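**Q** take this sequence and fold it.
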Amino acid sequence: MGKSARDSARERVRAEREREEKRARRNRRIVVSSVVLAAVVLVGLFSLVQYNRNFSAKFTGTLAPITVQPDGTVVMAKPGVQKPVLDIYEDFQCPACKTLEDASGETVKELAAQGKVKVVYHPITIFQQDPLKSNSVRAASALRCVPGGTPWMNLHDRLFAEQPTEGKNGFELADLVAWGKEAGAAGADYESCVKNQTHAPAHIKFSEDTVAGSKIEGTPTVRLNGKELGNEAFVPGDLKETIMNAAK
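**A** So this is what the prediction gives:
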């Protein structure tokens with residue numbers, strides 16, 4: 001083979017090697033890109049699952065019946081549902097209670113509407129200093145002016161939504177009257193009940209008896225079948241799983 005022929009062969013071999021190297025680099029880029037894309041998808045799915053576990057979707061169905069009890073508690077449950085029992089001790093002036101409501105309130109409504117749990121609300125005043133105490137008493141006393149049903153829950157949710165900043169006066173009587181009417185509470189009787197704080201003495205006594213009798217150290221306190229829950233109460237997915245397991 002002549003020199004020119006050898007040079008030509010070498011050139012063809014070199015060119016083929018370069019093409020192979022380019023193909024190899026391209027294939028590596030494709031593999032790396034695929035792995036990265038798969039990782040992004042997995043992270044996205046994980047984030048979606050975590051989001052769904054950490055936040056309640058707005059419940060738009062029909063609420064389970066809501067009944068105000070003679071002792072001051074409020075039961076939300078489908079007829080015949082007696083267990084498991086979820087007790088929620090809450091203060092409308094308590095920031096952590098608002099956090100609980102924002103995180104898990106809709107999930108609680110959904111599970112009660114599905115007949116999966118009996119919910120017992122214990123609206124109490126835990127604070128002993130003003131203006132926190134007086135704010136809380138005005139709010140809870142106004143809620144007692146609503147006999148139950150959807151209007152009760154509407155005002156319950158509104159009170160948390162309008163929670164005053166700690167240390168500030170809030171839950172003024174005029175506002176409570178207006179919010180109650182917007183929630184569906186009856187007119188003149190409700191207004192008079194709120195303005196006169198008709199149920200304030202009963203609420204204060206109920207709070208004192210509840211704190212002492214149920215050994216409440218703070219709010220929110222959430223108990224399932226008498227057992228106090230921890231952080232899972234603030235994670236809707238975990239709370240739902242815990243309740244479903246208790247129902248087995």
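**Q** in the chain, which spans are helices?
**A** Listed in chain order, the helices of the chain (DSSP state H) span 3-54, 95-113, 132-143, 149-161, 173-183, 187-195, 200-213, 236-246.
**Q** any idea which of those helices scores lowest on pLDDT?
**A** Sorting the helices of the chain by mean pLDDT places helix 3-54 lowest, at a mean of 55.
**Q** can I assume residue 121 is in contact with residue 156?
**A** Yes: between residue 121 and residue 156 there is a contact at 7.5 Å, judged by C-beta atoms under 8 Å. For every residue, glycine as well, the C-beta is placed using N, CA and C.
**Q** and the gap between residue 123 and residue 112?
**A** According to C-beta to C-beta, to the nearest Å, residue 123 stands 17 Å off from residue 112.
**Q** same check on residue 80?
**A** Separation of residue 80 from residue 112 (C-beta to C-beta): 13 Å.
**Q** what about the two, which has more around it?
**A** Neighbour totals were compared for residue 80 and residue 112, and residue 112 leads with 24 against 7 (other C-beta atoms under 10 Å).
**Q** for that one, what are its contacts?
**A** Contacts for residue 112 (C-beta atoms under 8 Å, 6 or more residues apart in numbering) come out as 63-64, 76-78, 81, 118-119.
**Q** what's the neighbour count on the residue nearest to it when sequence neighbours are not counted?
**A** Setting aside the residues directly before and after it, residue 112 is nearest to residue 64 in space (C-beta to C-beta, 6 or more residues apart in numbering), at 4.2 Å. Counted by other C-beta under 10 Å, the residues lying close to residue 64 total 24.
**Q** thought residue 64 was touching residue 75?
**A** No: contact between residue 64 and residue 75 fails when scored by C-beta under 8 Å: they sit 9.0 Å apart.
**Q** give me the common contacts of those two.
**A** Jointly contacting residue 64 and residue 75 under the rule C-beta under 8 Å, 6+ apart are residue 119.
**Q** got the domain boundaries for the chain?
**A** As given by automatic domain parsing, the domain ranges for the chain are 1-54, 66-246.
**Q** quickly compare these and say which is most buried.
**A** Sort those by mean neighbour count, taking mean count of other C-beta atoms under 10 Å, and domain 66-246 sits at the top with a mean of 18.
**Q** what about it, start to end distance?
**A** Terminal residues of domain 66-246 lie 22 Å apart, using C-alpha to C-alpha, to the nearest Å.
**Q** kindly report the same for stretch 205-225.
**A** This stretch, stretch 205-225, spans 25 Å end to end (C-alpha to C-alpha).
**Q** who touches it?
**A** Applying C-beta under 8 Å, 6+ apart, the contact partners of stretch 205-225 are 71-72, 83-91, 94, 96-97, 100, 122, 124-126, 140, 228-229, 233, 242-243, 246.
**Q** same check, this time on stretch 135-145
**A** Applying C-beta under 8 Å, 6+ apart, the set of residues contacting stretch 135-145 from outside is 68, 72, 91-94, 123-127, 152, 155-156, 159, 164, 169-173, 176-177, 180, 185, 189-190, 193-194, 197-200, 202-204, 207.
**Q** can you rerun that using 7 Å?
**A** Contacts with stretch 135-145, where a contact means C-beta atoms under 7 Å, 6 or more residues apart in numbering, come from 91-93, 123, 125, 127, 152, 155-156, 159, 164, 169-171, 173, 176, 180, 185, 190, 193-194, 197-200, 203-204.
**Q** ok, residue 183 - contacts?
**A** 151, 154-155, 158.
**Q** so what's the residue nearest to residue 119 when sequence neighbours are not counted bridging to?
**A** In space, and not counting its chain neighbours, residue 119 is closest to residue 76: 4.3 Å by C-beta to C-beta, 6+ apart. When assigned by DSSP bridges, residue 76 has beta-bridge partners residue 66, residue 119.
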